[in-house]
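In: following is a predicted model, sequence given first.
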Amino acid sequence: MSSTTGPDPAKGPDPAKDVDDAGDVTGFAELALRPGLLRSLAALGYEEPTPIQREAVPPLLTGRDLLGQAATGTGKTAAFALPLLNRLADARDGDHGPQALVLVPTRELAIQVSEAIHRYGRDLGARVLPVYGGAPIGRQVRALLQGIDVVVATPGRALDHMGRGTLRLDDLDTVVLDEADEMLDMGFADDIEAILEQAPEGRQTVLFSATLPPRMDEIARRHLRDPVRIQIARAAQEPGATPLVRQVSYIVPRAYKTAALGRILDVESPRSAIVFCRTREEVDQLADSLNGRGYRAESLHGGMSQEQRERVMEKLRTATADLLVATDVAARGLDLEQLTHVVNYSVPSAPDSYVHRIGRVGRAGREGVAITLAEPREHRMLKTIERVTRQRIAVEKVPTIADLHARRLELTRAALQESLLEDDLERFRVVVETLTDEFDPMEIALAAVKLAHDASYVPDGMDDIPDLPPTTGGRNERAGRDGAGRRDRRPPSGGMARLFVGAGRGAGVRPQDLVGAITGETRLSGRDIGAIEIAQRFSLVEVPDGAADDVIASLRGTTIKGRRVAVRRERQDSR
């Protein structure tokens, strides 16, 4: 870290504090913060600053510019929020512009950072406003005109208010770029440059990022003055200790990915999970398919309105949904305390994307799991990610049916144990006592366990998923196409039959439409249904072979998306 110029006494309460002594700070009381901030931190249960807070707060209090590299979840919000709150002038009228501007990449992060700054500055009476697109601009204009101390904004909406004259930068003391690399990835580079060019020259500029691409160095050289440089990695684990984030991958053929994901989720039993997809279409299709199979999944992508996004986030926070299927852009900045798993439905296209995704779990010392589904040809990218992140990603086999049965038996055992410890079972005693006249108590217990297990058991509907070795590229890897350019057909899963349905994407058919039609007209459940593929003019769906004829007869007598469709067993020329 560099420190060549002396601090400005006018910009902090403790100008004599040596930046290099930051590592010796053992508590927030030693950071020379205002008493009101210390009271707020104590009320929130904060006891010790994190490494990034120990390193960043002292130089920021003295007015130094700062370039910080820190992984998501290391406490960097408080690292920049506490100094800017400490530097706020006493309450002012609405004739002044904000004293601090925090730029963030997404609406969700704007809300989260604004809420955090408000909590920290509650005793100081700090006025904080999140400013982002998709929200009524009139409400934001009124708040800005009444007087705001800290504005937390997305770059586009900040420029909008600057153009309207409702966001004035004349009185800015501090500008913070949070998640700066993500803002560059999202195309905000020109917006950031325009905002920094209009900010006062004597301001303090703070830049935090999980990664430091070359473009970031250009911005730092142009807009930061002799910055203190800080790099904080995630805390190293003790030898032999279990890592906070368990990273694992599965090599899965494309046609089996949805089924494999369902089985992995069944075995992992996440409390809450984010599944990352590449496109909006893939998000919607996967969420529909998971819902059709009995999971509580919600979509989140850039094509949704702010009202829709907020409704989805509320469902996650209140546990009325437990799976979020999202694109990278939509999920950036999310911090869900109950999140336990992150799933890459495909291998991310760049190591930086992988870092940001798995950063959603393992935050603030919480444990988590990062799962990646890789097609055989994507194994090389996994190795690149391992090399860049210097972290091993274990390759494991997709859970087998036996693994699934064992996991469900374990869940049954846990449920019974909980009932024995907590429930009032006395009213069932007469049943057991009556049966003991005829049966051994162990046999009665076994029968009760069987009934409890069967009541919660839903058949997987598929045989074991093929275990393919990773490939390194070449002719055998070319999307399963033969010499004529036609895609090779894989055989149906063992014990399954593939049905042709004469309606596809062109008719608006989604996986949940097929699952709903089948489960609504037959005795099959969502998890009896195997792989589903939807083409432009037709769909293919796998059902248990023994039930195929009943499914065909039932679907011929009903409608899908309001129309009757041809249904038959797949022929070799159906593609």
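Out: Perfect, I can see it now.

In: mind splitting this protein into its structural domains?
Out: 9-232, 245-400, 402-456, 491-569 (automatic domain parsing).

In: so what's the gap between the longest one and the chain middle?
Out: Think domain 9-232. How far domain 9-232 lies from its chain's middle: 24 Å, per CA atoms, centre = their mean, to the nearest Å.

In: can you map out the strands along the stretch 351-500 of the chain?
Out: Taking DSSP state E, counting those that start in this stretch, the strands of the stretch 351-500 of the chain run over residues 368-374, 394-396, 496-501.

In: could I get those as JSON lines with distance to A255, mean neighbour count and mean pLDDT?
Out: In short, each C-beta sits where N, CA and C put it, glycine included. Listed next are these as JSON lines, based on distance: least, CB to CB, whole Å; neighbours: other CB atoms under 10 Å; pLDDT from 0 to 100:
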{"stretch": "strand 368-374", "distance to A255": "12", "mean neighbour count": "23", "mean pLDDT": "92"}
{"stretch": "strand 394-396", "distance to A255": "20", "mean neighbour count": "12", "mean pLDDT": "89"}
{"stretch": "strand 496-501", "distance to A255": "11", "mean neighbour count": "22", "mean pLDDT": "88"}
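
In: point to the residue nearest the middle of the chain.
Out: Centroid-nearest residue in the chain: I274, 4.4 Å away (criterion: CA atoms, centre = their mean).

In: state the pLDDT value of A235.
Out: Here the pLDDT value assigned to A235 is 50.

In: list the helices and strands the longest helix along the chain packs on?
Out: Taking residue count as the measure and DSSP state H as the definition, the longest helix of the chain comes out as helix 401-422. Secondary structure elements in contact with helix 401-422, counted by 3 or more CB pairs under 8 Å, 6 or more residues apart in numbering; DSSP states H and E, are helix 257-268, helix 441-456.

In: what's the first helix or strand after the lowest-mean-pLDDT helix or strand in the chain?
Out: Every helix and strand in the chain was compared by mean pLDDT, DSSP states H and E; the lowest is helix 328-331, with a mean of 68. With elements assigned by DSSP states H and E, the helix or strand that comes after helix 328-331 is strand 341-344.

In: what about the stretch 401-550 of the chain, any weak spots by pLDDT?
Out: Scanning the stretch 401-550 of the chain for pLDDT under 70 picks out the ranges 453-494.

In: if we can go back for a sec, can you tell me which of the domains of the chain the model trusts least?
Out: Ranked by mean pLDDT, the domains of the chain end with domain 402-456 at the bottom, a mean of 79.

In: now it: how far from the chain's centre is it?
Out: The offset between the C-alpha centroid of domain 402-456 and the centroid of the whole chain comes to 37 Å, using CA atoms, centre = their mean.

In: before we move on, back to that, CSV for the helices and strands packed on helix 401-422, including distance to E179 and mean neighbour count?
Out: As requested, the helices and strands packed on helix 401-422 are exported to CSV (distance: least, CB to CB, whole Å; neighbours: other CB atoms under 10 Å):
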stretch, distance to E179, mean neighbour count
helix 257-268, 28, 21
helix 441-456, 41, 12
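
In: need the contact list for D288.
Out: Applying CB atoms under 8 Å, 6 or more residues apart in numbering, we find D288 in contact with R510, P511, Q512.

In: the first one contacts I534, correct?
Out: Yes. R510 is in contact with I534 according to CB atoms under 8 Å; the separation is 7.2 Å.

In: okay, those two: which has more neighbours?
Out: Taking other CB atoms under 10 Å, R510 and I534 do not tie; I534 has more neighbours (23 against 20).

In: dump the residue contacts of that one.
Out: For I534, the contact set (CB under 8 Å, 6+ apart) comprises Q285, G504, R505, V509, R510, P511, L514.

In: could you rerun that using 6 Å?
Out: Taking CB atoms under 6 Å, 6 or more residues apart in numbering as the definition of contact, the neighbours of I534 are G504, R505, V509.

In: bridged to it, which residues?
Out: Legend: beta-bridge partners of I534 under DSSP bridges are S539.

In: how near is it to V541?
Out: According to CB to CB, to the nearest Å, I534 stands 9 Å off from V541.

In: got it, and A402?
Out: Using CB to CB, we find A402 at a distance of 26 Å from V541.

In: which of the two has more neighbours?
Out: With neighbours defined as other CB under 10 Å, A402 and V541 compare such that V541 has more, 25 against 9.

In: residues touching the residue nearest to L323 when sequence neighbours are not counted, list them.
Out: Spatial nearest neighbour of L323, excluding adjacent residues (CB to CB, 6 or more residues apart in numbering): A297 at 4.0 Å. The neighbours of A297, taking CB under 6 Å, 6+ apart as the test, are A287, L290, N291, L323, V325.

In: please tell me how far the nearest residue to N344 once chain neighbours are set aside sits from G562.
Out: Nearest non-adjacent residue to N344, counting by CB to CB, 6+ apart: T372, 4.1 Å away. With the distance defined as CB to CB, T372 ends up 39 Å from G562.

In: restricting to C-alpha, output stretch 192-210 in CSV.
Out: The C-alpha coordinates for stretch 192-210 follow below in CSV (Å, rounded to 0.1, in the frame of the first residue of the first chain):
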residue,chain,number,x,y,z
ILE,A,192,-18.7,6.5,-14.9
GLU,A,193,-16.2,8.7,-16.8
ALA,A,194,-18.9,11.4,-17.4
ILE,A,195,-19.9,11.5,-13.7
LEU,A,196,-16.3,11.6,-12.5
GLU,A,197,-15.5,14.4,-15.0
GLN,A,198,-18.3,16.6,-13.5
ALA,A,199,-17.4,15.9,-9.8
PRO,A,200,-15.4,18.5,-8.0
GLU,A,201,-11.6,18.1,-8.4
GLY,A,202,-10.9,18.2,-4.7
ARG,A,203,-13.2,15.3,-3.9
GLN,A,204,-12.1,12.0,-2.3
THR,A,205,-12.5,9.1,-4.7
VAL,A,206,-12.8,5.5,-3.5
LEU,A,207,-12.9,2.5,-5.9
PHE,A,208,-13.7,-1.0,-4.7
SER,A,209,-13.7,-4.1,-6.9
ALA,A,210,-13.4,-7.9,-6.7
